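Q: structure, please.
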Amino acid sequence: MSAPAASAGASGTSGAPSGVSGAAGTAARPAASAAPLALTPIFVRIKLALLRNGLKGSSKRKAAYFSSLAFALVVGFFMTLGLGLLHGNAHAGTVVVLLAAILALGWAFMPLFFPTGDETLDPSRLVMLPLRPRPLVVALLASSLVGIGPLFTLCLAVGSVIAVARGAAGAVAAVVAVPLLLLGCVIIARAVATANVRLLTSRKGRDLAVLSGLVIAVGAQLANFASQTLFQSGGLSTLEPVEAVVRWLPPATAVGMVDSVSEGSYGVAAAQLVLTLAASAGLMWSWERSLTRLMVTPDGSTISASGPVKDRGGAGGFWSLLPSGRTGASMQRALRYAVRDPKTKSAWVTALAIGMIVPVFNALQGTGSVYLGSFGAGMLGVQMYNQFGQDTSAFWMVAQTISGTRDAYVELRARALALALVTLPYTVLVTVVTAALLEDWQGLPAAVGVALALLGSMLCTGAVASARFPYSIPTEGAFKNVAPGQAGLAWGGILGGMLGSALVCGPVIALAVWLNMAEHRDVSWIVLPVGVAWGWLAAWAGLRLAAPRVARKLPEILSAVSKG
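A: Numbers count the residues shown, from 1 in each chain. Predicted coordinates:
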């Protein structure tokens, strides 16, 4: 009698039906001897299914995906061709090593700004499955190699090694370097995304996605400035000291290894290869630890629900410095919107960044003027336009508290004060930094005066535009800031307000221009007190003009700002 049969017979004598026991024994044998299921093919098929199913039922999504694929292929082809043409150039190593470093930085930080671009970046969806961390890491790594991003990276990696590989040894090193560079970039992205997955799935993560456009804009400005400085200072040879350091930073070390082998420096190439492998292993280990911690640690909602409720104790600290009554409450609400609401935060941060970048970069390039400090005041002054649209449908709570012109005036004044609380010191700071870079301290008082006059004028026209041209700001969609059918209202209010602001502060601008043209710069400081007084008077007049209309048109304003 075989062992399973004997076991079944023994079970049958103990009172259990022999047929049932024998069936259980027969079923248990293949289950016990079955090999563990391979996760990697399953996860690759899941990734392909996600890509395929994401294209179903939406022509716009199909068009976006295939246009992105075509763009990546075309750009990747020409980038590979261009890098290949660098073969034999004295600066080829400098270019490809720095390109590999930039590529790795892009892989590291893009998941933070585009967390919804790949649904598999959130491993917390797998917490209920009985999966071991190490096989899961390998499976996720394999699935990460499927997509447009890895394909584009592969093109750049191939072009980079073609540019520096020379001889048989260089060709062998190139074959090794291409997968190392690709895997290094993917591992960095996965490790960063897993370590920050709680952030990416939270409100702060959505805020980062909203701010991605700002990062691209600032990066473009920095790239433009760097390229101009590079060509003015002697070309690529000035980057060689930087490249000498970067070639020892993984995964750029993979490309540096090919260059070292081609030059005959086999010891240096071996060290770079070991460093690349060690860095990849270290990142894999860090990724595995983050993944394990994520799988066994309760999320923030569970912790906060089970823990004691914190007593925030009302508005203390900074908020206690604000005025009492309706003014302080409205200022606090406006400032909290600027910190917490994604759309408002994006507008504020963009204005702060661009308002500093334009005058400072022009000053660094030697083409600026101290009066460009007004650009920051103008960027932030635009935030005064459509004040009620920022409240969306919640404006009904504000409307309930406005019973007359006086209440409307206090509400508008509080919003203007909240904006001025940030804009006034910021404008002075930007103008001072610009004057310091240009070494034009004599023109600083007049520049500050013009900037403050412009700010007051924009508060004036912004209050009027908020009352006459309110429009809704949709809460959904990171790049959709006007509800359908209201684009004309938005453009009319903003463009008309900006032209009106230029006319309102025209006398102060004319005074500053006349003092400079008539070579009376020694007394141009008089523009500062004139600009302060003019800006305050303009803001007061605008608030007074807008308040009666706000009090009369509360239902119309509420209807206009509730369409999103």
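Q: ok, residues contacting the helix or strand hosting residue 502?
A: Assigned by DSSP states H and E, residue 502 belongs to helix 487-504. Residues from elsewhere that reach helix 487-504 (C-beta atoms under 8 Å, 6 or more residues apart in numbering): 378, 381-382, 385-386, 454, 457-458, 460-462, 464-466, 468-471, 481-482, 509, 538, 560. C-beta: built from backbone N, CA, C; applies to glycine.
Q: 10 Å instead?
A: Applying C-beta atoms under 10 Å, 6 or more residues apart in numbering, the contact partners of helix 487-504 are 378, 381-382, 384-386, 389, 453-473, 481-483, 509, 534-535, 537-539, 541-542, 560.
Q: orientation of whichever helix or strand comes after it relative to helix 487-504 in degrees?
A: Sequence order places helix 506-517 as the next helix or strand after helix 487-504, per DSSP H and E. On the basis of axes from the mean of the first three to the mean of the last three C-alpha atoms, to 10 degrees, helix 506-517 is oriented at 50 degrees to helix 487-504.
Q: helices or strands next to helix 506-517 in the packing?
A: Secondary-structure packing of helix 506-517 (3 or more C-beta pairs under 10 Å, 6 or more residues apart in numbering; DSSP states H and E): helix 444-468, helix 527-552.
Q: give the contact list for residue 155.
A: 72-73, 75-81, 83.
Q: alpha carbons of the helix or strand hosting residue 155, as CSV, please.
A: Assigned by DSSP H and E, residue 155 belongs to helix 148-164. C-alpha atoms of helix 148-164 as CSV (Å, rounded to 0.1, in the frame of the first residue of the first chain):
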residue,chain,number,x,y,z
ILE,A,148,7.3,55.0,-23.6
GLY,A,149,9.8,56.3,-21.0
PRO,A,150,12.0,53.2,-21.0
LEU,A,151,11.9,53.1,-24.8
PHE,A,152,13.1,56.7,-25.0
THR,A,153,15.8,56.1,-22.3
LEU,A,154,17.0,53.0,-24.3
CYS,A,155,17.4,55.2,-27.4
LEU,A,156,19.5,57.8,-25.5
ALA,A,157,21.5,55.1,-23.8
VAL,A,158,22.4,53.5,-27.2
GLY,A,159,23.3,56.8,-28.7
SER,A,160,25.5,57.7,-25.7
VAL,A,161,27.6,54.5,-25.9
ILE,A,162,27.9,54.8,-29.7
ALA,A,163,29.4,58.3,-29.2
VAL,A,164,32.2,57.2,-26.9
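Q: domain-wise, how is this structure divided?
A: 40-292, 325-561 (automatic domain parsing).
Q: winner for burial among those?
A: domain 325-561 (a mean of 19; mean count of other C-beta atoms under 10 Å).
Q: so where's the stretch 301-450 of the chain shaky on pLDDT?
A: When residues are selected by pLDDT under 70, those of the stretch 301-450 of the chain lie in 301-317.
Q: what ranges do the helices span in it?
A: Here the stretch 301-450 of the chain has its helices, by DSSP state H, counting those that start in this stretch, at 325-340, 342-364, 374-381, 395-400, 405-438, 444-468.
Q: need the pLDDT of the nearest residue to residue 514 once chain neighbours are set aside.
A: Take residue 514 and drop its neighbours on the chain: the residue closest to it by C-beta to C-beta, 6 or more residues apart in numbering is residue 520, 7.9 Å away. Looking at residue 520, its pLDDT reads 74.
Q: relative to residue 530, how far out is residue 520?
A: 14 Å (C-beta to C-beta, to the nearest Å).
Q: ok, now residue 169?
A: Separation of residue 169 from residue 530 (C-beta to C-beta): 74 Å.
Q: got it, and residue 322?
A: 29 Å.
Q: same deal with residue 196?
A: Counting by C-beta to C-beta, the gap from residue 196 to residue 530 is 51 Å.
Q: quick one: low-confidence ranges for the stretch 451-564 of the chain?
A: 475-489, 564.
Q: try it again with 80
A: Counting by pLDDT under 80, the ranges of the stretch 451-564 of the chain that qualify are 473-494, 497, 518-523, 563-564.
Q: ok, the stretch 101-250 of the chain next?
A: Ranges of the stretch 101-250 of the chain meeting pLDDT under 80: 109-131, 193, 195-241.
Q: which stretches of it form helices?
A: For the stretch 101-250 of the chain, helices defined by DSSP H, counting those that start in this stretch occupy the ranges 133-144, 148-164, 167-195, 197-200, 203-210, 212-232, 240-246.
Q: related to what we said a few turns ago, what angle sits between the helix holding residue 155 and helix 133-144?
A: Using the same axes, to 10 degrees: helix 148-164 against helix 133-144 is 80 degrees.
Q: chain center to helix 148-164, what's the gap?
A: In terms of C-alpha atoms, centre = their mean, to the nearest Å, the centre of helix 148-164 is set 25 Å apart from its chain centre.
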